[in-house]
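Student: Pasting a predicted model and its sequence here:
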Amino acid sequence: MQVNRVRKWALLLAALLLSVVQVDQVMASETKTIIHAMGSTEVPKKVLRVVTLFQGATDSVVALGVTPVGVVDSWAQQPTYDYLREALANVAHVGLETQPNLEAIMALKPDVIIGTKSRHEKIYRQLSQIAPTVMAENVYDFKTTLDLTAEALNKPEKGKQVWDDFQQRITVFRKAIKQREAKWPLTAAVLNVRADHLRLYLNQSFSGVVLKEIGFQFPLPNENGWGVKLKTKEALPSVNADVFFIILQSDDAAVRQNYDAWRAHPLWQMLTAPKNKQVYEVDNVAWLLSGGILGAEQILDQLYHIYQFPQTER
């Protein structure tokens, strides 16, 4: 009797272990490992509900043809940028990019959360307890954001198509501008006008990354980082470039007055872009705040318009 009982328990234990192995195998077949800025995360292969916690991720999800269940508020045109408003018409908001509401995120029961280390590193563990969470390193590298988002949503082919379409439009633009500008590649200064100072954005900013991808070069080639603040007009020679792209921070009168003061200075008049009438005001949402591939496409749209090249389809 005792032998039979032991044999019975052994068979039950073997069956249990086999079922555990089978469950593990099923789970493994339904998830995949994604390497990201905070390590590695098992993410479902079939994602139906995604929450995005920074502007570039929201932009990228829409570009991939997916409607998120939750997004953070936009920096301007609140609560959603105009260019994304139709796509995100009925989507819930989960607070600010710098301070997302964890309870609101949990209530949405996401399959995956997409954040960025530069904003959300301190709450990564809490986010991961809500749902599998992947993070980009920063908010400005829109290609990495697109790749991570496409991987998280299991849409690598769509991600490649979106990127290839963008690259095709860049190729057409480069060909056209090389025929017009003997000096190509041009140096470009992206100047953000605030109420009390001027900012020069360089290659570790969103607009800088986009312009570099297109082929432009920048002032201060040895300067690393997002850019520099200019508080005195005596610093104007450091921003000298073939073309100026001007981003007014807002419609406030103080911003416009500050811009008028800078461009009225004699040093401004001596710089290459003003002398050659190559100073252009551009949209602050696309150039400064959007952070994703659709925003990059809008920058390219504006460049086609500025240089009066026929628009390509997208």
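Tutor: Yes, it's here.

Student: What sits closest to residue 195 if chain neighbours are left out?
Tutor: In this structure, residue 195 finds its nearest non-sequential neighbour in residue 254, 4.0 Å apart by Cβ to Cβ, 6 or more residues apart in numbering. For glycine as for every other residue, the C-beta is placed from the backbone atoms N, C-alpha and C.

Student: For residue 120, what is the enclosing helix or strand?
Tutor: Per DSSP states H and E, residue 120 falls inside helix 117-120.

Student: oh, I was asking about residue 188
Tutor: strand 188-193.

Student: So what are the sheet partners of the helix or strand just after that strand and their directions?
Tutor: Downstream of strand 188-193, the next assigned helix or strand under DSSP H and E is strand 198-201. Strand 198-201 pairs in its sheet with strand 188-193 (antiparallel), strand 227-230 (antiparallel), by DSSP bridges.

Student: Switch those over to TSV; also include mean pLDDT.
Tutor: Shown next, in TSV, are these (pLDDT from 0 to 100):
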stretch	mean pLDDT
strand 188-193	97
strand 227-230	94
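
Student: need the next SSE after the helix-or-strand element of the chain with minimal mean pLDDT, C-terminal direction.
Tutor: None of the helices or strands of the chain scores lower by mean pLDDT, DSSP states H and E than helix 2-30, at a mean of 48. For helix 2-30, the succeeding helix or strand toward the C-terminus, using DSSP H and E, is strand 31-36.

Student: before we move on, back to that, what's the helix holding residue 120 packed up against?
Tutor: With contacts taken as 3 or more Cβ pairs under 8 Å, 6 or more residues apart in numbering; DSSP states H and E, helix 117-120 sits against strand 133-136.

Student: what lines up beside the strand it packs on in the sheet?
Tutor: strand 112-116 (parallel).

Student: Just the CA trace of the partner strand, in CSV.
Tutor: The C-alpha trace of strand 112-116 is given here as CSV (Å, rounded to 0.1, in the frame of the first residue of the first chain):
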residue,chain,number,x,y,z
VAL,A,112,2.9,47.5,-22.5
ILE,A,113,4.1,50.9,-21.4
ILE,A,114,6.6,53.0,-23.4
GLY,A,115,8.6,55.6,-21.5
THR,A,116,12.1,57.2,-21.6
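
Student: Can you get me a residue count around residue 93?
Tutor: Residue 93 has 17 neighbouring residues, counting by other Cβ atoms under 10 Å.

Student: and if you look at residue 178?
Tutor: The number of residues near residue 178, taken as other Cβ under 10 Å, comes to 13.

Student: So which residues of the chain form strands?
Tutor: For the chain, applying DSSP state E gives strands covering 31-36, 39-44, 50-52, 70-71, 92-93, 95-96, 99-100, 112-116, 133-136, 188-193, 198-201, 227-230, 243-248, 279-281.

Student: Put together TSV for the ones you listed, with distance to residue 62 on each row.
Tutor: TSV is the format used below for the strands of the chain (distance: least, Cβ to Cβ, whole Å):
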stretch	distance to residue 62
strand 31-36	20
strand 39-44	19
strand 50-52	9
strand 70-71	9
strand 92-93	15
strand 95-96	19
strand 99-100	18
strand 112-116	12
strand 133-136	16
strand 188-193	24
strand 198-201	24
strand 227-230	27
strand 243-248	23
strand 279-281	26
